[in-house]
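*Asks:* The following comprises the amino acid sequence and a computationally predicted model.
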Amino acid sequence: MASAKMGAVVLVSSLLVLATICEAGGLSPTYYSYSCPKVSAIVKKEVYKILKKNPNLAAGFNRLHFHDCWVNGCDGSVTIKSTPENLAEPDAFVNFMLRAIPEIDQIKAAVEAACPNTVSCADIIALAARDATGFARGPTWSVALGRRDGRRSVATDADTQLPFPNFLFSQLVQNFAAKGFNAREMIVLSGSHTFGRTHCNGIGPNLYNYTGIDDLTNPNLDPAFAAKLKKQCPKGNRNNVVNMDASPNKFDNKYYKKVLANQGDMISDDELIRGPDGASTVQYLVKPGSSWFSEFAAGMVKMSRLSPILAPDGEIRKTCQVVN
Ligand code: HEM
Ligand SMILES: *[C@@H]1O[C@H](CO)[C@@H](O)[C@H](O)[C@H]1NC(C)=O
């Protein structure tokens, strides 16, 4: 009896040693198992508390993670605020109306209260994006942890690495290829535009400056839709808000339906069906029971693993908007 117990103890401890060795190579779902075992539960609780008051912000958390990872990797740099010497990522053109930064700091404060100086902002952003997507009834995925926070946050990095809403299909493909993603993954991940909102800033070129030609409306658009959208976004307006689709708090297939009906709000939305295999891919993804959710989850996992900073490099920021 006693020796069987001993055997079990030896087995369990060797498994723990093995797990620790595996972690050393990179990110791991159990990274904070000893140092902050409740981190996932704390983040989820805070995210849900915030989203119960404002469900529309789920999309804000999702976009924040994308914009963090796409610019020099998932290093928490997207939340660092500008200083007199440095125009930081939040002030990039491409980060227009980026949301959820104060809320990430609210979550960070709850995590710090339980585990001071332990969990990175990059990991909190990754967890919050997953939880927010789940809150909106979208897919879920396992988040490997252990990212550390970077100290560089430069607006022009964001404006050279993230895609712009006036990009045509080939430019979108090129942008994603630069991060190791193919055209199908680009279309799958663009499905995030099923929730949240966009401002007329991103819609303008679709209505008034298609391919850089003044006053040209995207000729691919459903004309009745374009007329309606012009009422919501008069020429020159940047700040009016337009919901991504008819269910802006829900991660469903309505966005792909809109795109197939030639009702994309942004050029980059409409373009999903203008490239090789684009239309057939969206026609497949939109079907109930398609593999869109599982492909989306796989895409988010891949995105969340883009060039993390690993210990001993980087830092654990105390608050997410200021480097230590
Ligand atoms: C394919 C190229 C993409 C372009 C050009 C693009 C561009 C944009 C733009 C211009 C907005 C509107 C921001 C605003 O005015 O408030 C937006 C919103 C959003 N984007 Fe993208 N995006 C792309 C891909 C993605 C990807 C891959 C994701 C996530 C995986 C994503 C997630 C979101 C979400 C969730 C919103 C709504 C944000 C909110 O409600 O605050 N986007 N995107
Ligand atoms: C339309 O796009 C072109 C090329 O990007 C730009 O030079 C021009 O200023 C834009 N016009 C308007 C009204 O935004």
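*Replies:* All right, it came through fine. From a predicted model like this one, the values you see are computed outputs, not experimental measurements. Ligands and ions are numbered 1, 2, ... in the order given.
*Asks:* need the residues of the stretch 1-150 of the chain near ligand 1, please.
*Replies:* Selection of the stretch 1-150 of the chain residues close to ligand 1 by Cβ under 6 Å from any ligand atom yields 59, 60, 62, 63, 66, 96, 97, 99. In short, each C-beta sits where N, CA and C put it, glycine included.
*Asks:* Can you lay out the residues you listed as CSV showing pLDDT?
*Replies:* Formatted as CSV, those follow (pLDDT from 0 to 100):
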residue, pLDDT
59, 98
60, 98
62, 98
63, 98
66, 98
96, 98
97, 97
99, 98
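*Asks:* Filter the residues you listed down to the buried ones, PyMOL style.
*Replies:* Of those, the buried ones can be selected in PyMOL as follows, counting by 16 or more other Cβ atoms under 10 Å:
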select buried, resi 59+60+62+63+66+99
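*Asks:* Contact partners for the residue of the chain at minimum distance from ligand 2?
*Replies:* Nearest residue of the chain to ligand 2: residue 212, at 3.1 Å (Cβ to the nearest ligand atom). The contact partners of residue 212, by Cβ atoms under 8 Å, 6 or more residues apart in numbering, come to residue 166.
*Asks:* Which segments of this structure make up each domain?
*Replies:* The chain is divided into the following domains under automatic domain parsing: 27-160, 163-302.
*Asks:* Can you check which of the ones you listed gets nearest to residue 317?
*Replies:* domain 27-160 (4.4 Å; Cβ to Cβ).
*Asks:* before we move on, the earlier item: between the domains of the chain, which gets nearest to residue 315?
*Replies:* Closest to residue 315 of those is domain 27-160 (Cβ to Cβ; 5.3 Å).
*Asks:* coming back round to it: next, give me the two most distant ones among the residues of the stretch 1-150 of the chain next to ligand 1.
*Replies:* Maximum distance among these (Cβ to Cβ): 16.0 Å, for 62 and 96.
*Asks:* Could you say which of the domains of the chain is packed most deeply?
*Replies:* Counting by mean count of other Cβ atoms under 10 Å, domain 27-160 has the highest mean neighbour count of these, with a mean of 20.
*Asks:* chain center to stretch 64-78, what's the gap?
*Replies:* Computed by Cα atoms, centre = their mean, to the nearest Å, the chain-centroid distance of stretch 64-78 equals 8 Å.
*Asks:* ah, wrong one, I meant stretch 250-268
*Replies:* Taking mean C-alpha positions (Cα atoms, centre = their mean), stretch 250-268 and its chain are 18 Å apart.
*Asks:* Any residue of it touching ligand 2?
*Replies:* No: against ligand 2, stretch 250-268 shows no contacts by Cβ under 6 Å from any ligand atom, the least distance being 11.4 Å.
*Asks:* Just the endpoints, please. Distance across that stretch?
*Replies:* For stretch 250-268, the first-to-last residue distance is 21 Å (Cα to Cα, to the nearest Å).
*Asks:* 15 is where my numbering starts, stick with that
*Replies:* Let's use 15 as the start, then, which means that last one is stretch 264-282.
*Asks:* In JSON lines: the domains of the chain, plus distance to residue 337.
*Replies:* Putting these into JSON lines (distance: least, Cβ to Cβ, whole Å) gives the following:
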{"stretch": "domain 41-174", "distance to residue 337": "5"}
{"stretch": "domain 177-316", "distance to residue 337": "24"}
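*Asks:* of all the ones you listed, which lies closest to residue 322?
*Replies:* Nearest of the domains of the chain (Cβ to Cβ): domain 41-174, 4.3 Å.
*Asks:* Distance from that closest one to the middle of the chain?
*Replies:* Chain-centre distance of domain 41-174: 9 Å, with Cα atoms, centre = their mean.
*Asks:* ok, now which ones touch residue 207?
*Replies:* Shown in contact with residue 207 (Cβ under 8 Å, 6+ apart): 258, 259, 269, 279, 283.
*Asks:* Can you tell me, leaving aside adjacent residues, what's nearest to residue 307?
*Replies:* Among residues not flanking residue 307 along the chain, residue 153 sits closest, at 3.9 Å (Cβ to Cβ, 6 or more residues apart in numbering).
*Asks:* and that neighbour, helix, strand or coil?
*Replies:* Secondary structure, DSSP: H, G, I helix; E, B strand; the rest coil: residue 153 is coil.
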